[in-house]
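Undergrad: Okay, sequence plus prediction incoming.
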Amino acid sequence: MTSRIDSPDTNADLQLRECLSLSLSQTTGFVMIAGAGSGKTTSLVKALSHLAQTQGKPLLSRGQKIACITYTDIAVKEIWGDVGNASLFHISTIHSFLWTLIRPFTEDIASWITTKLEHKILKANEKIANSRTREATRESLRNDIARYKLQIPNISAVSHFTYGTGSNYQSGILGHSDILKLGPDLILAQPLLRKLVAKRFPIIFVDESQDTNPQFVAALKSIYLEITGNFCLGFFGDPMQKIYMDGIGKIEVDESWISIRKPENFRCPQSILRVINQIRSEDDKLEQVRGRTIEIDGVNQFIEGTANLFIFPLEESNTDRLSNVRKYLSEKNNDPLWLVEAEGEDRKVKILVVVHRMAATRLGFINIYSSLNDNGDTNLKAGLKDGSAWVLRLFIRILLPLIESARNGNHFEVISSLKIHSPLLTAINSISTEISSVLSSLSESISQLLDLMSIDSQIKIREVLNFIIDNQLLSIDERFLPYLDNSFSETSESDGIQAFLASPAKELWNYNKYIKEMSPFATQQGVKGAEFERVMTVLSDEEDSGNSFSYGKYFGFTKLSDKDESNIKQGIDSVIDRTRRLFYVSCSRSTKDLAVVLFAPDVNLAKEAIIKKAIFDRKNIHILPF
Ligand SMILES: Nc1ncnc2c1ncn2[C@@H]1O[C@H](COP(=O)(O)OP(=O)(O)OP(=O)(O)O)[C@@H](O)[C@H]1O
């Protein structure tokens, strides 16, 4: 167990423990809603540790577990790291938690899919009947209906379902997004399932609750309402840190719930605490107190830290500008670590960007990025963010780890991977006499592959795929085949995949480094929950960020659209609210120094607007020359 668990107790921790002991006899619900760096996750892991000590044995003896649900795989890993790999806990993302609950209910899943397809047929028929629908659209809707009708009779024959990134119902594969709808639908519809969940998980915690989807929250609340006694449901979150459109934001609860406050901020130094309190003063006005302390000569002391903002003209090379800012801060703060260009654990500066394109350019995977991002296919685009797109899976999950094992001389791992993935090896598994010749041919292929995939290789991803197929090195997804023999049909997906196959294979390494969080870059959305000593947050209104975020509109130097004006007037979540929250999240990650770097079309206009916001001290707002 790590130092987070050893943090001193706050009042909130004591209150939370009271809730947990109450839940032994009654149904208890609580919300711990507090600002950035207030130690919500710390309180959560401390509560888990407390539960392990006080209720671990009886829970385990009854075959029960404590569920802890959070937003990303990275957050799951961090919480596991805090509490150790104890069998008492079930720590998972929402998807995997829901899947754990509903997976055994094959018949209910089949019936949910059938209803869904019948609904789609109904909707398609309505569209066909609409006189304004074009003939070409009608034709494609008729094809859809025929496909759904063919699928329906086969669904009840599926013996078990799994889930992947895209759905293929007849083969028993549900899509990622299906799980988020199916899970809550089944829980809300079936009292028995609600009872089973509470029996299996008598304590359920949800971290980052602001970005949890409303149907999932409704399903959990329905369990809370169903159960009498011995059940605890708790949400930890901060509505100001809601980043995703489908997140619930504030969790509304009635008076039967306990509300736990945490007024402190334990992460940020004073200068940054002032910045984030000021950002928040335009939203819910929550003002945090305290700030980070460090022990000097046995005494805990507050630290001032630094918070600077730099404004540069939009059209100039941002790479040079970022280096200049690092140089400046290194000199001004007398801190050489601002200059260290390292990766992984040695990384000293974290650079937060608005969109992935900036990182792709800097890190060298712009071709892969553009191919999957710019083609208009939403599945490829979404799967690019975390490496889950089907075209990437073979490379990220199998090929690159295999090459790394080979490079490190780890023969055991190479063979283990090939045993699972190489058609050559699986085919001769049982005939031992052939094994040695197959192994030597595979070993020859691997050494050629090491050259093909070296960081200075010029070959394209398509050539690597052909090499893999020719040498029967790995099984590949059949969906690649039409692209390799040019028999594919033109769609937005096919444009993207063609461009992807034409990208340099060496870009896969850079991309891999980025999604595995080893590079200094991350998106401002992706760092929720994390903290770093030196944070550089880069603000630039690129076209990729669409209508979701605009720093120009937030600071007031870009004109609002009619839609923005109307959203604001009606109190609908607006581009300004969303950008303010994103800015709050990224500024509140730093434990020591914060540098905000803004690229603006008119530097002086931007400076005026930013001074008016009074977020940064005037003396800390820099324009060239500084
Ligand atoms: N009681 C405490 N005493 C001292 N330090 C603490 C305490 N609680 C948390 N911290 C420290 O404060 C920092 C922020 O904690 P944590 O990540 O749990 O906050 P959070 O509220 O979940 O943050 P966010 O919402 O911004 O992701 C961590 O460095 C943590 O170690």
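TA: The structure has been received and is ready for your questions.
Undergrad: who in the stretch 501-626 of the chain is up against the ligand?
TA: On the criterion CB under 6 Å from any ligand atom, the ligand has as its neighbours in the stretch 501-626 of the chain the residues 529, 531, 588. C-betas here are computed from N, CA, C, even on glycine.
Undergrad: out of those, who's nearest the ligand?
TA: The ligand lies nearest to residue 529 out of these, by CB to the nearest ligand atom, at 4.2 Å.
Undergrad: Let me see the ranges of the helices in the stretch 1-150 of the chain.
TA: Taking DSSP state H, counting those that start in this stretch, the helices of the stretch 1-150 of the chain run over residues 3-6, 11-22, 40-61, 73-83, 94-102, 106-129, 135-155.
Undergrad: Show me what the mean pLDDT comes to for the last one.
TA: So the one you mean is helix 135-155. Confidence for helix 135-155, expressed as mean pLDDT, is 88.
Undergrad: ok, whatever residue of the chain ends up closest to the ligand - contacts?
TA: Distances between the chain and the ligand by CB to the nearest ligand atom are smallest at residue 39, namely 2.7 Å. Contacts for residue 39 were tallied using CB atoms under 8 Å, 6 or more residues apart in numbering; they are 7, 10, 12, 262, 264, 266.
Undergrad: Just list the residues touching the residue most central in space within the chain, thanks.
TA: By CA atoms, centre = their mean, the chain has its centre lying nearest to residue 72, at 4.8 Å. By CB under 8 Å, 6+ apart, the contact list for residue 72 reads 93, 528-529.
Undergrad: redo that, cut-off 10 Å
TA: In this structure, residue 72 makes contact with 78, 93, 208, 211, 386, 526, 528-529, judged by CB atoms under 10 Å, 6 or more residues apart in numbering.
Undergrad: Then residue 547?
TA: Residues in contact with residue 547 (CB under 10 Å, 6+ apart) are 553, 561, 563-564, 575, 578.
Undergrad: just the buried members of those residues?
TA: Of all the contacts of residue 547 considered here, the ones buried according to neighbour count by 16 or more other CB atoms under 10 Å are 553, 564, 575, 578.
Undergrad: okay but the first one is in contact with residue 563, surely?
TA: No: using CB atoms under 10 Å, residue 553 and residue 563 do not qualify as a contacting pair, with a distance of 11.4 Å.
Undergrad: Overlap in contacts, the two.
TA: Shared contacts of residue 553 and residue 563, counting by CB under 10 Å, 6+ apart, come down to 547, 574-575.
Undergrad: Okay, and the residue nearest to residue 395 when sequence neighbours are not counted sits in which element?
TA: The shortest distance from residue 395 to any residue other than its chain neighbours is 5.2 Å, reached at residue 508 (CB to CB, 6 or more residues apart in numbering). Assigned by DSSP states H and E, residue 508 belongs to helix 507-515.
Undergrad: re the thing from before, so which of the helices of the stretch 1-150 of the chain comes closest to residue 463?
TA: Closest approach to residue 463 among the helices of the stretch 1-150 of the chain (CB to CB): helix 73-83, 31.4 Å.
Undergrad: can you pull the buried residues of stretch 459-477?
TA: Neighbour-count burial for stretch 459-477, with 16+ other CB under 10 Å as criterion, is recorded at 459-462, 464-465, 467-469, 471-476.
Undergrad: Can you measure across it, start residue to end residue?
TA: Using CA to CA, to the nearest Å, the span of stretch 459-477 from its first residue to its last is 21 Å.
Undergrad: again, but for stretch 336-343
TA: The straight-line separation of the ends of stretch 336-343 (CA to CA) is 16 Å.
Undergrad: going forward, begin numbering at 39 instead of 1
TA: In the new numbering, first residue 39, that becomes stretch 374-381.
Undergrad: Residues contacting that stretch, please?
TA: Counting contacts by CB under 10 Å, 6+ apart, the residues touching stretch 374-381 from outside are 361, 363-370, 384-387, 401, 551, 555-558, 571-572, 574, 630-631, 633.
Undergrad: Show me which of the contacts of residue 77 are buried.
TA: Among the contacts of residue 77, those that count as buried by neighbour count (16+ other CB under 10 Å) are 48, 50, 300, 302, 304.
Undergrad: I figured residue 296 was touching residue 67, is that so?
TA: Yes: Residue 296 is in contact with residue 67 according to CB under 10 Å; the separation is 7.1 Å.
Undergrad: Settle it for me: which of the two has more neighbours?
TA: For residue 296 and residue 67, the more surrounded residue by other CB atoms under 10 Å is residue 67, and the numbers stand at 23 against 17.
Undergrad: Would you confirm that that one contacts residue 57?
TA: Yes: counting by CB under 10 Å, residue 57 is a contact partner of residue 67 at 8.6 Å.
Undergrad: anything in contact with each of those two?
TA: Shared contacts of residue 67 and residue 57, defined by CB under 10 Å, 6+ apart, comprise 270, 272, 295-296.
Undergrad: Check the residue of the chain closest to the ligand and give its pLDDT.
TA: We note a pLDDT of 97 for residue 77 in this prediction.
Undergrad: cool, residue 80 as well?
TA: Residue 80 carries a pLDDT score of 96 in this model.
Undergrad: That one: neighbouring residues, count only.
TA: Counted with other CB under 10 Å, the neighbours of residue 80 add up to 23.
Undergrad: Could you list which residues are in contact with it?
TA: Contacts of residue 80 were listed using CB under 10 Å, 6+ apart, and they are 41-45, 48, 50-51, 120, 274, 300, 304-305.
Undergrad: ok, the residue lying closest to residue 595 once chain neighbours are set aside - contacts?
TA: In space, residue 595 comes closest to residue 647 once its chain neighbours are excluded; the distance is 4.3 Å by CB to CB, 6+ apart. Residues in contact with residue 647, defined by CB under 10 Å, 6+ apart, are 590, 592-596, 638, 640.
Undergrad: List buried residues within the residues you listed.
TA: Going by neighbour count (16+ other CB under 10 Å), the contacts of residue 647 have 590, 592-596, 638 buried.
Undergrad: and these as TSV, adding pLDDT?
TA: As requested, the buried ones among the contacts of residue 647 are arranged in TSV below (pLDDT from 0 to 100):
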residue	pLDDT
590	95
592	97
593	97
594	96
595	95
596	94
638	93
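Undergrad: from those residues, which ones fall inside strands?
TA: Counting by DSSP state E, those place residue 638 in strands.
Undergrad: Of the buried ones among the contacts of residue 647, which belong to helices?
TA: Per DSSP state H, helices hold the following members of the buried ones among the contacts of residue 647: 590, 592-593.
Undergrad: got a pLDDT number for residue 664?
TA: According to the per-residue confidence, residue 664 scores 69 in pLDDT.
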